[in-house]
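>>> Predicted model and sequence below, questions to follow.
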Amino acid sequence: MATMLFEMVTVEKLLFSDQVESIVAPGEAGELGILPHHAPLLSILRAGELRVTQDGQEQSIVITGGFLEVLDNKVTVLADAAERIDEIDLERAEIAVRRAEERIASRDADMDLERALGSLRRAQVRVTVGRRRRSRGIPPSAGAPQRPTS
């Protein structure tokens, strides 16, 4: 099967670098499906679930936004922040959703509404992906890319 090189970089580290079969990323205008030999592309990414198919297995990574570039059969994602699904603490994410909702509801005069809404969206994505993993019976150590580099 045809593959392409996929690299995901955050401010902290190179999270992933390996050959993959497909990528579905949360673009600003909707989901972007990328297959090998895709035409050149540059897109802004929103907070959401990025899905990678490698060796026939789909793996998920939660990202908080960033950029995606497709060029010469290589996909590069520069993510603001990224978290493998096995790293999501569902309880903590649910608490973060409640806290963000409370901040928005209180509407303090000095509150940055855009920032609070961004926090809420990021926490909601983590909860959604964490619940989906739990409902599928995926163990905490499964579902994340298996060949990360540091």
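Good, I have the coordinates.
>>> how near is Met8 to Asp112?
28 Å (C-beta to C-beta, to the nearest Å). For the C-beta atoms, the positions are set from N, CA and C on the backbone; glycine is no exception.
>>> Looking at those two, which is more packed in?
The neighbour count for Met8 versus Asp112, taken as other C-beta atoms under 10 Å, is higher for Met8 (25 against 11).
>>> This structure: strands as residue ranges?
4-9, 14-20, 22-27, 30-34, 41-45, 48-54, 57-63, 66-71, 74-79, 82-84 (DSSP state E).
>>> give the contact list for the closest residue to Gly66 other than its chain neighbours.
Of all residues not flanking Gly66 in the chain, Ala79 sits nearest, at 3.9 Å (C-beta to C-beta, 6 or more residues apart in numbering). Counting by C-beta atoms under 8 Å, 6 or more residues apart in numbering, Ala79 touches Met8, Val9, Thr10, Leu15, Leu45, Ile63, Thr64, Gly65, Gly66.
>>> same deal with Asp55?
Glu21.
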